[in-house]
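A.B. asks: I need the structure of the sequence given here:
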Amino acid sequence: MSQANSLAKIEADFTTTLVAGSIKSGMKAVEAGSRDLWQIDPHKLRVIEGFNPRVMNDEYRAHIRSTADSIKSEGYFQDQPMAGYVAVVDGENVVFIYSGHTRLAAVLLAISEGAEIPRVPVVVSQSGLSMEDMTVALIRGNGGRELTYYESAVVCKRLVKYGFTVEEIAARTGITVPLVKNRLALMAAPLKLREMVANDSMSATLAIDLIATHGDKAVEKAVEAKARADELGKTKVRKAHTAPSPLAKFVKKSAPKLHDAAERVRSDPGFEHLSADVKELVVSLLAEISEKNESTQPVNDKQTSIDL
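C.D. replies: Now for the predicted structure:
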């Protein structure tokens, strides 16, 4: 799946609703055992389609891999339960996970590779929990790897769709009002910038700064900065990469002298003895400079009267 399609899936308006079911009937349906926590076969746990805001990139896959390896060697820790919700689907009580997606993916991976983990601990929420509450829990209830800036921005945008104000989002998630606004600004940014933030090739702060500084030219500036970073062997675009390179600054400063030098070369008697390629290069360079110069000259829009 391409990066753009992956983000489109994550950012799609989340409209799923769940109808609360009976916890007692739900636990019976999945043959759960009860100690201090419900013990459920991980194969019988479901995820809510489109709910998890995680970006499935190499870094996240590596995190799942690392967690699965830990589970294989140490077992599944009982003090790290997932959070579940019993809902009725087609007349059946189903346990959905709304917190613990990474742990579920990791334990299923470990089992597929031979680990014997028949049951995992799940805290099952009582009825009265809303989809909005579960969405907030994506940030508040995350006991493992924190959501990235982009992923938490997806959650903030989703809460706006639920009718939350910026202040309410801040109060519920623990993110300050200015940072909630920044996350929403990121979600309003062009796709290319969101992609760069999502794959961690640019910070959200820099992306937002480029928008504030360059407006509709922000993507162009970001692409140029990425090229400079690549030339330097850097995987992440920094603020310094958004400024012209020292060579570009020198060329701009020395442009009048370079133009004068090219003119002298063309006027020199020896010009005709140069190779055809070199002569063409000098002529085309001067023509381009002349064109640029004309395009930047101020236009006098006042009509000039001529007395006859």
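
A.B. asks: spatially nearest residue to the spatially most central residue of the chain, not counting backbone neighbours?
C.D. replies: The centroid of the chain falls nearest to residue 198 when counting by C-alpha atoms, centre = their mean (1.9 Å). Nearest-residue entry for residue 198: residue 150, 4.5 Å, with adjacent residues in sequence omitted and distances by C-beta to C-beta, 6 or more residues apart in numbering. For every residue, glycine as well, the C-beta is placed using N, CA and C.

A.B. asks: what's that neighbour sitting at in phi/psi?
C.D. replies: phi -60, psi -50 (degrees, to the nearest 10).

A.B. asks: contacts only, for it.
C.D. replies: 55, 186, 194, 197-198, 204 (C-beta atoms under 8 Å, 6 or more residues apart in numbering).

A.B. asks: ditto for residue 186
C.D. replies: 149-150, 153, 193-194, 197, 204, 207-208.

A.B. asks: same deal with residue 50?
C.D. replies: 9-10, 12, 14, 16.

A.B. asks: show me which of those residues are buried.
C.D. replies: Neighbour-count burial (16 or more other C-beta atoms under 10 Å) applied to the contacts of residue 50 gives 10, 14.

A.B. asks: which one of the contacts of residue 50 sits closest to residue 213?
C.D. replies: residue 10 (27.0 Å; C-beta to C-beta).

A.B. asks: now for that closest one: which residues touch it?
C.D. replies: Shown in contact with residue 10 (C-beta under 8 Å, 6+ apart): 50, 53-55, 151, 154.

A.B. asks: which element is it on?
C.D. replies: helix 3-11 (DSSP states H and E).

A.B. asks: tell me which residues in stretch 206-225 are buried?
C.D. replies: Buried residues in stretch 206-225, counting neighbours by 16+ other C-beta under 10 Å, are found at 206-208, 210-211, 218-219, 221-222, 224-225.

A.B. asks: worst-scoring helix or strand of this protein, pLDDT-wise?
C.D. replies: One helix or strand of the chain scores below all others by mean pLDDT, DSSP states H and E: strand 33-34, with a mean of 58.

A.B. asks: spell out which residues make up each domain of the protein.
C.D. replies: Following the assignment in automatic domain parsing, the chain carries domains at 3-146, 148-188, 190-243, 249-294.

A.B. asks: now the stretch 201-308 of the chain, which segments are flagged as low pLDDT?
C.D. replies: 244-252, 292-308 (pLDDT under 70).

A.B. asks: just the stretch 51-200 of the chain next, same as before
C.D. replies: Within the stretch 51-200 of the chain, the stretches with pLDDT under 70 are 126-127, 142-143.

A.B. asks: tell me how far residue 45 lies from residue 207.
C.D. replies: 36 Å (C-beta to C-beta, to the nearest Å).

A.B. asks: same question, residue 260
C.D. replies: Per C-beta to C-beta, residue 260 is found 41 Å from residue 207.

A.B. asks: do residue 63 as well
C.D. replies: Distance from residue 63 to residue 207, by C-beta to C-beta: 23 Å.

A.B. asks: secondary structure class for residue 122?
C.D. replies: Here residue 122 takes the strand state, with states given by DSSP: H, G, I helix; E, B strand; the rest coil.

A.B. asks: report the contact partners of it.
C.D. replies: 32, 37-40, 45, 81-84, 95, 97, 100.

A.B. asks: hmm, 7 Å instead?
C.D. replies: Residues counted as contacts of residue 122 (C-beta atoms under 7 Å, 6 or more residues apart in numbering) are 37-38, 40, 81-82, 84, 95.

A.B. asks: same question for residue 225.
C.D. replies: Contacts of residue 225 by C-beta under 7 Å, 6+ apart are 237, 241-242.

A.B. asks: and it, that one's in a helix?
C.D. replies: Yes - under three-state DSSP, residue 225 sits within a helix.

A.B. asks: how much space separates it from residue 243?
C.D. replies: Distance from residue 225 to residue 243, by C-beta to C-beta: 9 Å.

A.B. asks: follow-up on the earlier one: wait, the residue nearest to the centre of the chain touches residue 55, no?
C.D. replies: Yes - using C-beta atoms under 7 Å, residue 198 makes contact with residue 55 at a distance of 5.1 Å.

A.B. asks: what helices and strands are in contact with the longest helix along the chain?
C.D. replies: Using DSSP state H, we find that the single longest helix of the chain is helix 276-295. Helix 276-295 sits against helix 255-267, with contacts defined as 3 or more C-beta pairs under 7 Å, 6 or more residues apart in numbering; DSSP states H and E.

A.B. asks: which elements pack onto the helix it packs on?
C.D. replies: Helix 255-267 sits against helix 276-295, with contacts defined as 3+ C-beta pairs under 7 Å, 6+ apart.

A.B. asks: residue contacts, residue 71?
C.D. replies: Taking C-beta under 7 Å, 6+ apart as the criterion, residue 71 is in contact with 106-107, 110, 115, 117.
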